[in-house]
Structures are given as C-alpha cells and as structure tokens.
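Colleague: everything below, folded, please.
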Amino acid sequence: MAITTPVMHESIELHEVEDGAVAYNPATDQVHFLNYTARCVLLLCDGHRRASAMDVDLADMCGAEPVDGLTAPILEQFAAAGLIEDVKSPAP
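Modeller: Below is the predicted model of the structure:
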C-alpha cells in the first residue's frame, strides 16, 4: 500500500550535517545518511502534504523546476527503512 500523506516516524532523530542529514532511529539503533535532496524530502514529510504534491513542494523548497516522479522512489525507500509512515494508517 502506497503512502499518501507521509509523516516522519515520531522516534526518528534528524541531525543536520554539512551536505545533508543523519536520521537515527533509537528504537532500532539504525542510522541513515541522507544527501541534501533526501533530507529535504524527509523534512516535507510533515503529515500535511500529500505524496502526490511533493515533487512541486521539493522544487519550491530548492528554488528549482519540479521533476515529475523524483520524490516517489525516495518516499518508498523511507517507508521501507521505517523513517516515515502514513498519517491515515500509522504503524503499530
């Protein structure tokens, strides 16, 4: 099932670094290194934006032209890694 309204999982600690961010999940002790684009996408996962609008939101955030389909695979990877969940169906 695809995530429609992504929100960063509440246990994730996001730490900014020079060229992106480090996302740490203390519940699983997993660390994820994010480049600048992935960091921006994770910041957009606030539970108020629909995944279908994130290409445009990311472009606005970065001052660039939208690239259709850019955020979808990033969101899929975030979901598989347990970094995000869907507002409408939170993880147990």
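Colleague: hey, let's count contacts and neighbours off CA atoms from now on
Modeller: OK.
Colleague: please tell me how far the nearest residue to N35 once chain neighbours are set aside sits from L44.
Modeller: Distances taken as CA to CA, 6 or more residues apart in numbering put G20 closest to N35, at 4.4 Å, once the chain neighbours are dropped. Distance, G20 to L44, using CA to CA, to the nearest Å: 14 Å.
Colleague: give me the more crowded residue out of those two.
Modeller: When neighbours are counted by other CA atoms under 10 Å, G20 and L44 differ, and L44 comes out ahead with 20 against 16.
Colleague: quick one: that one and S52 touch, right?
Modeller: No: between L44 and S52 there is no contact under CA atoms under 8 Å: 12.0 Å.
Colleague: so what sits against both of the two?
Modeller: With contacts defined as CA atoms under 8 Å, 6 or more residues apart in numbering, no residue is shared by L44 and S52.
Colleague: L70 is in contact with V41, correct?
Modeller: No: the pair V41 / L70 is not scored as a contact, 9.8 Å apart, by CA under 8 Å.
Colleague: looking at the two, which has the bigger crowd around it?
Modeller: Legend: neighbour count by other CA under 10 Å for V41 and L70, higher for V41 (23 against 16).
Colleague: can you pull the contacts of that one?
Modeller: M54, L58, T71, I74, L75.
Colleague: can I assume the second one sits in a strand?
Modeller: No: the assignment for L58, made by DSSP: H, G, I helix; E, B strand; the rest coil, is helix rather than a strand.
Colleague: pretty sure it contacts P66?
Modeller: Yes: L58 is in contact with P66 according to CA under 8 Å; the separation is 7.3 Å.
Colleague: and the residue nearest the centre of the chain, which of the three is it?
Modeller: The centre of the chain sits closest to L42, judged by CA atoms, centre = their mean, with a distance of 2.6 Å. Following three-state DSSP, we place L42 in the helix state.
Colleague: what's the nearest residue to it if we skip its chain neighbours?
Modeller: Distances taken as CA to CA, 6+ apart put M8 closest to L42, at 6.9 Å, once the chain neighbours are dropped.
Colleague: and the gap between M8 and V17?
Modeller: 18 Å.
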